[in-house]
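K.L.:
Provide a 3D model corresponding to the input given below.
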Amino acid sequence: MEQRFGKSRSKPYTGAGKDNEKDEIIDISDPGSWENRRSYKNEESEKAASPAAAEGNDLSAFPEDKELTITSVQLLKSPKFRYRIYFGTFQVEVHEDVMVKYRMMKGAVFTKLELEEIVIADERQRGYGEALKYLSRKPRTSFEIATRLKEKGWSEETIGEVIERLIQERWINDAAYAQEWAGQRLRSRGKGKAWIRYELRQKGISKPLIEEALGQVSEDEEYDSAMQLAQRKWRTTSGETADKKRKIGAFLMRRGFSGQLAGKVLRELIQKDGIEDRDEWEEL
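P.N.:
Numbers count the residues shown, from 1 in each chain. Next comes the predicted model:
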């Protein structure tokens, strides 16, 4: 599965000297002072704000039929890459990408309707940042990301937009995830197809993608995995041959292997060990 995490870039530009270290914000109203900062942004270290963090974007007090001119643009120290945009006594806070996209520099003019669109775009950008932060730890399915964003309080509309963007940018790929998960769980964890199918369902992978992923697992691979487990278990299991067969057969099925495969493995294991076994394996 293609991974795009961990892109390294230059250390973010602080834009502040020692005299400004205790200031809450840094005034960079001149558009030339922020235009070139985009090359310094480190996506991996970006902290995404929760929906509640942008409560200052309430536009109810903004005048309806009046053009609003930006009087000042200030960079917030925390969260990173967020700006406070002043329209005289009114203000909103937006992510750097949104600010650049809408050219929100000193002197630019907006209406309340345009600002409402910008606030929505900012919410989607913050949700996107939250999703990237969650993805930075390990690959996730679209269902897992949607669940995470919902728990954090994001709207269904924002979640849908974020998931679509992540798919388009190839940050998430449920088909590739399912295939990688199936192979890894079989080879490294000794899990059979039934167990893997259950796990992928829990992760929200669709049935067609699950079956496609399991179809990539060969019968020989599943047999080898079951045989290795059975051999190790046989050496540590006490009792008569019939008892050991029942115990190990049940063990293999709990691991997600079929009764037919478990029977085949046990018959061949007993034959290799030269143990006389007149009892037929009963399908579980």
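
K.L.:
using CSV, write out every CA atom in stretch 67-86.
P.N.:
What follows is stretch 67-86, C-alpha atoms only, in CSV (Å, rounded to 0.1, in the frame of the first residue of the first chain):
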residue,chain,number,x,y,z
GLU,A,67,-18.6,45.3,2.1
LEU,A,68,-16.0,44.4,4.7
THR,A,69,-12.4,45.3,4.2
ILE,A,70,-9.6,43.4,5.9
THR,A,71,-7.7,45.8,8.2
SER,A,72,-5.2,43.3,9.7
VAL,A,73,-3.9,39.8,9.3
GLN,A,74,-2.2,38.1,12.3
LEU,A,75,-0.5,34.7,12.6
LEU,A,76,-1.5,32.8,15.7
LYS,A,77,1.2,31.0,17.6
SER,A,78,-1.2,28.1,18.4
PRO,A,79,-2.7,26.2,16.7
LYS,A,80,-0.1,26.3,13.9
PHE,A,81,-0.9,27.7,10.5
ARG,A,82,-3.9,29.6,11.7
TYR,A,83,-4.6,33.3,11.1
ARG,A,84,-6.9,35.9,12.7
ILE,A,85,-8.4,38.1,10.0
TYR,A,86,-9.7,41.5,11.2
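
K.L.:
assign residue 65 to helix, strand or coil.
P.N.:
At residue 65 the chain is in coil, as set by DSSP: H, G, I helix; E, B strand; the rest coil.

K.L.:
low pLDDT regions in the stretch 1-150 of the chain?
P.N.:
Scanning the stretch 1-150 of the chain for pLDDT under 70 picks out 1-56.

K.L.:
typo on my end, the stretch 151-284 of the chain
P.N.:
273-284.

K.L.:
can you show me the helices along it?
P.N.:
Assigned by DSSP state H, counting those that start in this stretch, the helices in the stretch 151-284 of the chain fall at 156-168, 174-189, 193-202, 207-215, 219-236, 241-254, 259-272.

K.L.:
so which of the ones you listed gets nearest residue 81?
P.N.:
Nearest of the helices of the stretch 151-284 of the chain to residue 81, taken as Cβ to Cβ: helix 156-168 at 16.9 Å. For glycine as for every other residue, the C-beta is placed from the backbone atoms N, C-alpha and C.

K.L.:
and the contacts of that closest one?
P.N.:
Helix 156-168 is contacted from outside by 123-124, 127-128, 131, 135, 142, 145-146, 149-150, 154, 172-173, using Cβ atoms under 8 Å, 6 or more residues apart in numbering.

K.L.:
if you set the cut-off to 7 Å instead, what comes out?
P.N.:
For helix 156-168, the external contacting residues (Cβ atoms under 7 Å, 6 or more residues apart in numbering) are 123, 124, 127, 128, 131, 142, 145, 146, 149, 150, 172.

K.L.:
residue 172 against residue 142, yeah?
P.N.:
Yes: between residue 172 and residue 142 there is a contact under Cβ atoms under 7 Å: 5.4 Å.
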